[in-house]
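>>> Can you look at this prediction? I've put the sequence above it.
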Amino acid sequence: SKNVGIMAIEVYTPSTFVLQSKLEEHYGVAQGKYTIGLGQEGIGLCGDVEDINSLALTVVKSLMEKYNIDPNTVGRLEVGTETLVDKSKSTKTVLMSLFPGNTDIEGATVVNACYGGTAALLNAFTWVESDGWDGRYAIVVAADIAAYAKGPARPTCGAGAVAVLVGRDAPLAFNPRERATHAAHVWDFFKPDHTVEYPTVDGALSQVCYYQAIEDVYQRLAQNVKKARGENSNDQPFDSESPDYWVFHAPYNKLVQKSYGRMFLIDARRRRHEESEEKKESDTANPLEEWLTKPIEETYSDKALERALKTVSAKAYEQRFNDSNSASKLNGNTYTASVFIGLASLVDKAGSRGDLSPGKTIGVFSYGSGALATMYRLHVREPTEQSTFTVAKMAEALKLTERLAKREEVHPGELDMALDTRARMHGAGAPYTPVYPTVGRLFPGTYYLKEIDAKWRRVYERV
Ligand code: ACO
């Protein structure tokens, strides 16, 4: 096997954040609404001094510096984002300023809500796997500033960027047959109004669309894993506890936990379907009994079922998600970057402990409204002796826990203030000079937007 996969991963998160507990107080909502109700602890802030291009520049430059990547050894660079600042010129082209002397780089920017990064990753995997591969690396960037209008969605803001290096002989290998996709036409979250940065969102519908997507891809992935093994294999079916770890797109962690619970319902319904008639009658002890044959559409808003699923999945959830959820709890939703930050968080935590050992597997679920979703499996492996890329090295280079701990906590009022500066920039036209936060508050090595000149060209500098 070519063992195409992830060689390295780097994360960017903002230098300032607000605490959800203080935001509850600030907005005058009931205590626990964001911390327990949404399962979130903090939100990373971006004002107008950063934009999608600066985030992408920062994270790609940092990846290249940490791993000493020669710009000429990169043959593909693709970006996933939904934080568009231009309807034509892609962020991918802005990143070309980091590749002096190399104009031979395929890829563009891919757009579909939180899914663009995964689309870009699958493209990169396919290129590296193909006969057309020229031996060079691919870099995939997933970056977003998640900004919502005032109201119930605002506590699910956040910002972040991830860059991953893709190649062969990877320590996190992707088996192209172990993936499944769900594509549907739904209006759960979209950005039709170009005068504002914010989405038009139906929060309740978006949760159901997320559930439907995960149920669909999960069942399909189980079938695809079975096919990949050979139909007659006697191995245990792929189920919600098969991967050692899971990483889900995390708009807020309550949704991740509830969605994992839904996989236990799917497992129980499949088992019931496979059981003999005789057993069916006697299985009254099953805690999910009353939901095993109910039409699935009737189960989405069933609170008693939600509680039952939480109980049956609790232990497995803790084991498989504690590490991957850690960073997104502290930093919030990051749209396309969310699922990659989840993977980085897992590498940072479990990788540093030595728990991501060869043979372990990671299930990944990516969801983007509209909707597109993919579930795939990564295999942890020991690369050959020629390779310098390992999970241990990734964990060592990331320092994500340290990065998050170094952030400056700011007054909860700064969340609205930061977003107001972004809204002003969005409506201002050109020329424009950003104001928030002052450059001195950014982490060293951060690119920032110095100005939008009179001809609408954006000028970047690095701290
Ligand atoms: N203590 C503890 N829990 C509380 C409290 C409290 N004081 N108050 C409320 N809660 C709980 C509620 O019971 C509810 O829990 P449940 O989901 O287990 O029933 C939870 O907090 C959320 O409260 P709601 O009133 O149901 O919803 P709210 O009006 O706060 O909106 C929502 C939440 C819909 C997630 C909103 O933030 C939103 O629209 N976000 C953006 C959309 C989104 O992220 N969708 C996800 C998929 S698509 C994507 O990635 C963008």
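Sure thing, it's come through.
>>> In the stretch 201-350 of the chain, which residue sits nearest the ligand?
Shortest the stretch 201-350 of the chain-to-the ligand distance, computed as C-beta to the nearest ligand atom: residue-wise this is Gly203, at 2.5 Å. Heads up, the C-betas are built off the backbone N, CA and C, glycines and all.
>>> residue contacts, the nearest residue to Val201 once chain neighbours are set aside?
Closest residue to Val201 in three dimensions, ignoring its sequence neighbours and counting by C-beta to C-beta, 6 or more residues apart in numbering: Phe189, at 4.6 Å. Phe189 makes contact with Ala113, Pro199, Thr200, Val201, Asp202, Ser206, Ser369, Gly370, according to C-beta atoms under 8 Å, 6 or more residues apart in numbering.
>>> Look up how far Leu122 lies from the first one.
From Ala113 over to Leu122 the distance is 16 Å, taken as C-beta to C-beta, to the nearest Å.
>>> ok, the residue in the stretch 301-450 of the chain that the ligand sits nearest to - how many residues close by?
Nearest residue of the stretch 301-450 of the chain to the ligand: Ser369, at 4.9 Å (C-beta to the nearest ligand atom). Neighbouring residues of Ser369 were enumerated by other C-beta atoms under 10 Å; the total is 27.
>>> Tell me how many other residues surround Pro100.
9.
>>> Apart from its neighbours in sequence, what residue is nearest it?
With C-beta to C-beta, 6+ apart, the residue lying closest to Pro100 is Pro71, at 6.4 Å.
>>> next one: Leu442
Take Leu442 and drop its neighbours on the chain: the residue closest to it by C-beta to C-beta, 6+ apart is Val463, 5.0 Å away.
>>> Repeat that for Gly160.
Nearest residue to Gly160, sequence neighbours excluded (C-beta to C-beta, 6+ apart): Thr334, at 3.7 Å.
>>> how about the strands of the stretch 251-400 of the chain, start to end?
Remark: strands of the stretch 251-400 of the chain, listed N- to C-terminal, are 361-368, 372-380; assignment by DSSP state E, counting those that start in this stretch.
>>> TSV for those, including mean neighbour count and distance to Leu292?
Compiled in TSV, the strands of the stretch 251-400 of the chain are given as follows (neighbours: other C-beta atoms under 10 Å; distance: least, C-beta to C-beta, whole Å):
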stretch	mean neighbour count	distance to Leu292
strand 361-368	25	23
strand 372-380	24	23
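>>> So for Lys303, which of these sits nearest?
Between Lys303 and the strands of the stretch 251-400 of the chain, the shortest gap by C-beta to C-beta is with strand 361-368, which sits at 22.5 Å.
>>> Return the list of strands paired to the closest one, each annotated with direction.
The partner list of strand 361-368 in its sheet, established with DSSP bridges, is strand 245-248 (parallel), strand 372-380 (antiparallel).
>>> Could you pull up the residues touching the residue nearest to Leu442?
Contact partners of Val463, counting by C-beta under 8 Å, 6+ apart, are Val439, Leu442, Phe443, Pro444, Gly445, Thr446, Tyr447, Tyr448.
>>> I'd like to know how far it sits from Phe99.
For Val463, the distance to Phe99 (C-beta to C-beta) stands at 21 Å.
>>> on that earlier part again, okay if I get the strands paired with strand 361-368 as JSON lines plus distance to Asp131?
As requested, the strands paired with strand 361-368 are exported to JSON lines (distance: least, C-beta to C-beta, whole Å):
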{"stretch": "strand 245-248", "distance to Asp131": "30"}
{"stretch": "strand 372-380", "distance to Asp131": "22"}
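>>> Can I get those in JSON lines including mean pLDDT and distance to the ligand?
As requested, these are arranged in JSON lines below (pLDDT from 0 to 100; distance: least, C-beta to the nearest ligand atom, whole Å):
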{"stretch": "strand 245-248", "mean pLDDT": "98", "distance to the ligand": "10"}
{"stretch": "strand 372-380", "mean pLDDT": "98", "distance to the ligand": "10"}
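>>> Go through the ones you listed and name the closest to Ser313.
Nearest to Ser313 among these is strand 245-248 (10.8 Å), distances taken as C-beta to C-beta.
>>> So for that closest one, what gets flagged as buried?
Residues of strand 245-248 classed as buried: Tyr245, Trp246, Val247, Phe248 (neighbour count, 16 or more other C-beta atoms under 10 Å).
>>> Give me the residues contacting that strand.
Counting by C-beta under 8 Å, 6+ apart, the neighbours of strand 245-248 from elsewhere in the structure are 214, 256, 259-260, 320-321, 323-324, 339, 342-343, 346, 350, 356, 360-365, 367.
>>> among these, which are within reach of the ligand?
Restricting the contacts of strand 245-248 to those near the ligand by C-beta under 6 Å from any ligand atom leaves nothing, as none qualifies.
>>> Now the buried members of these.
Buried residues within the contacts of strand 245-248, defined by neighbour count using 16+ other C-beta under 10 Å: 214, 256, 259-260, 320-321, 323-324, 339, 342-343, 346, 350, 356, 360-365, 367.
>>> thinking again about what came up before, could you check how far the residue nearest to Val201 is from Gly37?
Counting by C-beta to C-beta, the gap from Phe189 to Gly37 is 19 Å.
>>> now do Ala430
Noted for Ala430: a distance of 41 Å to Gly37, by C-beta to C-beta.
>>> what do you get for Val410?
Between Val410 and Gly37 the distance is 23 Å, computed by C-beta to C-beta.
>>> go on, Glu306?
Applying C-beta to C-beta to Glu306 and Gly37 gives a distance of 13 Å.
>>> Thanks a lot, catch you later.
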